[in-house]
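**Student:** Fold the stuff below for me.
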Amino acid sequence: MTGMPDAVGASADAPHPAGYRPVQRGPAAPPGAADLATGQGTATTTVSTIVASRAGRVSVTVVNNSTTAVILGGPAVTTGTGVILPGVVGTSLTLSYSGAVGVITTAGSAALSFYELY
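**Tutor:** Reported below is the predicted structural model:
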């Protein structure tokens, strides 16, 4: 369209400086999750499920509220198979996962909280 200004106010018909490249835009970001759920639990030396499975879950974040390290994984996680969440208050791990999240400690207990987007 002749005479229409571009993003910087110059005419669309005006020549651009050497090396000019129009901005390339990627695909639109997916919309956010519709719902949020939160909860708390305790990890001990016996495996337990901190977050139940949920079809359609976008992500789940588990937060360590204690100074005891926690091992996270599936519902049958062991101290030798999971991922460690260090024993630092506020340390968190976000997973893009819809299955159940299991937790266990190597000693003692740890208070945990979580939030899931679905």
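
**Student:** Next, count neighbours for the nearest residue to Thr49 once chain neighbours are set aside.
**Tutor:** Leaving aside its sequence neighbours, Thr49 sits nearest to Ala100 (C-beta to C-beta, 6 or more residues apart in numbering; 5.0 Å). C-beta: built from backbone N, CA, C; applies to glycine. When neighbours are counted by other C-beta atoms under 10 Å, Ala100 registers 17.

**Student:** could you measure Ala100 against Asp35, distance?
**Tutor:** To Asp35, Ala100 is 18 Å away according to C-beta to C-beta, to the nearest Å.

**Student:** Spit out the contact partners of the residue nearest the centre of the chain.
**Tutor:** Most central in the chain under C-alpha atoms, centre = their mean is Thr94, positioned 3.7 Å from the mean C-alpha point. Counting by C-beta atoms under 8 Å, 6 or more residues apart in numbering, Thr94 makes contact with 59-61.

**Student:** try Ala33
**Tutor:** Contact analysis of Ala33 by C-beta under 8 Å, 6+ apart lists 58-59, 117-118.

**Student:** now, the most widely separated pair of those residues?
**Tutor:** Ser59 and Tyr118 (8.6 Å; C-beta to C-beta).

**Student:** And the strands in this structure?
**Tutor:** 36-43, 48-51, 59-64, 70-73, 83-85, 92-95, 101-104, 110-117 (DSSP state E).

**Student:** want to throw the ones you listed into a markdown table with mean pLDDT and distance to Ala18?
**Tutor:** Below are those laid out as a markdown table (pLDDT from 0 to 100; distance: least, C-beta to C-beta, whole Å):
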| stretch | mean pLDDT | distance to Ala18 |
| --- | --- | --- |
| strand 36-43 | 96 | 50 |
| strand 48-51 | 98 | 56 |
| strand 59-64 | 97 | 45 |
| strand 70-73 | 98 | 54 |
| strand 83-85 | 97 | 51 |
| strand 92-95 | 96 | 44 |
| strand 101-104 | 98 | 55 |
| strand 110-117 | 96 | 46 |
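
**Student:** Perfect, that will be all.
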